[in-house]
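>>> coordinates only, sequence not included:
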């Protein structure tokens with residue numbers, strides 16, 4: 001047991017134990033980096049979806065002929081609607097229902113297409129730091 005400390009640790013970390021510790025540190029660093037990237041990606045996606053919903057609300061408000069102030073309030077309501085349940089269906093239902101209530105005939109395909117288009121624009125903007 002020459003070279004071993006009483007507690008079982010290596011007294012000299014420059015040998016084989018040092019290489020293992022170095023590999024563990026590298027692994028731990030990589031794990032932390034992946035976790036940090038995951039958190040950042042999730043945060044950016046949350047911001048992008050909120051931005052998309054705001055833009056969708058402004059688009060819908062324009063189609064419904066709302067004033068500027070009412071359009072901002074409506075866009076905020078569309079953003080809040082996304083917190084009802086996971087996914088985009090709550091936002092789709094709100095916008096489609098409001099179109100129907102205002103007497104506008106906007107197809108499901110048009111709304112879903114606009115959601116997809118605005119999601120791409122929002123993600124690009126978030127990645128660009130806007």
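Structure's in. What do you need? All values derive from a computational prediction rather than experimental measurement.
>>> can you show me the helices along the protein?
With helices called from DSSP state H, the chain shows them at 16-64, 68-81, 89-101, 108-127.
>>> in TSV, list those helices along with mean neighbour count and mean pLDDT.
(Each C-beta comes from the backbone N, C-alpha and C, glycine too.) Formatted as TSV, these follow (neighbours: other C-beta atoms under 10 Å; pLDDT from 0 to 100):
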stretch	mean neighbour count	mean pLDDT
helix 16-64	14	82
helix 68-81	16	96
helix 89-101	17	96
helix 108-127	15	96
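>>> distance-wise, check residue 128 relative to residue 48.
Per C-beta to C-beta, to the nearest Å, residue 128 is found 11 Å from residue 48.
>>> what do those two both touch?
Counting by C-beta atoms under 8 Å, 6 or more residues apart in numbering, residue 128 and residue 48 have no contacts in common.
>>> which ones are touching the spatially most central residue of the chain?
The chain has residue 45 as the residue nearest its centroid, 1.6 Å off, counting by C-alpha atoms, centre = their mean. Listed by C-beta under 8 Å, 6+ apart, the contact set of residue 45 reads residue 123.
>>> mind doing that once more with 10 Å?
Residue 45 makes contact with 119, 122, 123, 126, according to C-beta atoms under 10 Å, 6 or more residues apart in numbering.
>>> and for residue 52?
78-79, 82, 88, 91, 114-123, 125-126.
>>> 7 Å instead, please
Counting by C-beta atoms under 7 Å, 6 or more residues apart in numbering, residue 52 touches 118, 119, 122.
>>> equivalent analysis for residue 44, please.
Listed by C-beta under 7 Å, 6+ apart, the contact set of residue 44 reads residue 126.
>>> circling back to that earlier point, turn the contacts of residue 45 into CSV, including distance to residue 62.
Output for the contacts of residue 45, formatted as CSV (distance: C-beta to C-beta, whole Å):
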residue, distance to residue 62
119, 18
122, 17
123, 22
126, 23
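>>> out of the residues you listed, the closest to residue 67 would be?
Comparing those against residue 67 with C-beta to C-beta picks out residue 122 as the nearest, at 24.1 Å.
>>> having no further points to raise, I will conclude here.
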